[in-house]
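1. quick one, what's the 3D model for this:
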Amino acid sequence: MMVDQYVSRFCKDANKLCSRKKDVMKKFRAFFEQNLQYPLPKELERFLKGVYSKRSDFVHKGLLGTGEAGGIQFGFKSEKVDKLDSEKRYFEKLVNAALLEWLARL
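-> Numbering: from 1, shown residues only. Alright, predicted model coming up:
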């Protein structure tokens, strides 16, 4: 669903080229820009950046029990878990809208 596009492969953190760098966040945002609205409203852009950041946190740190969504929740409800649930529902709506637009253009 995301077109293959050129990425810089430059890692500013390491200050060098990195063959594993894929600029996935840019592709993630571009998918929503191409299928919802361009440019994205600032509020929506911030939300998507936050969603992607939480995904990265979970993938890179969460399973180790660190980060905002760290570890398995074991059914415990907290304000943080409720907020994540709310964000997940909103994100699902955005994904559904973008997918329908993407499918309509096929």
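2. pLDDT of stretch 89-105, averaged?
-> Mean per-residue pLDDT for stretch 89-105: 93.
3. can you pull the buried residues of it?
-> F91, L94, A98 (16 or more other C-beta atoms under 10 Å). Any C-beta I mention is one placed from the backbone N, CA and C, and that applies to glycine too.
4. so what does the longest helix anywhere in the chain touch, helix or strand wise?
-> Secondary structure of the chain per DSSP state H: the longest helix is helix 79-104. For helix 79-104, the packing partners by 3 or more C-beta pairs under 8 Å, 6 or more residues apart in numbering; DSSP states H and E come out as helix 24-35, helix 42-60.
5. now do 6 Å
-> Judged by 3 or more C-beta pairs under 6 Å, 6 or more residues apart in numbering; DSSP states H and E, the packing partners of helix 79-104 are helix 24-35.
6. now do the helix it packs on: which elements does it pack against?
-> Contacts defined by 3+ C-beta pairs under 6 Å, 6+ apart place helix 24-35 against helix 42-60, helix 79-104.
7. chain center to the shortest one, what's the gap?
-> Remark: helix 42-60 is offset 5 Å from the chain centroid, using C-alpha atoms, centre = their mean, to the nearest Å.
8. packing partners of that helix?
-> Helix 42-60 packs on helix 24-35, going by 3+ C-beta pairs under 6 Å, 6+ apart.
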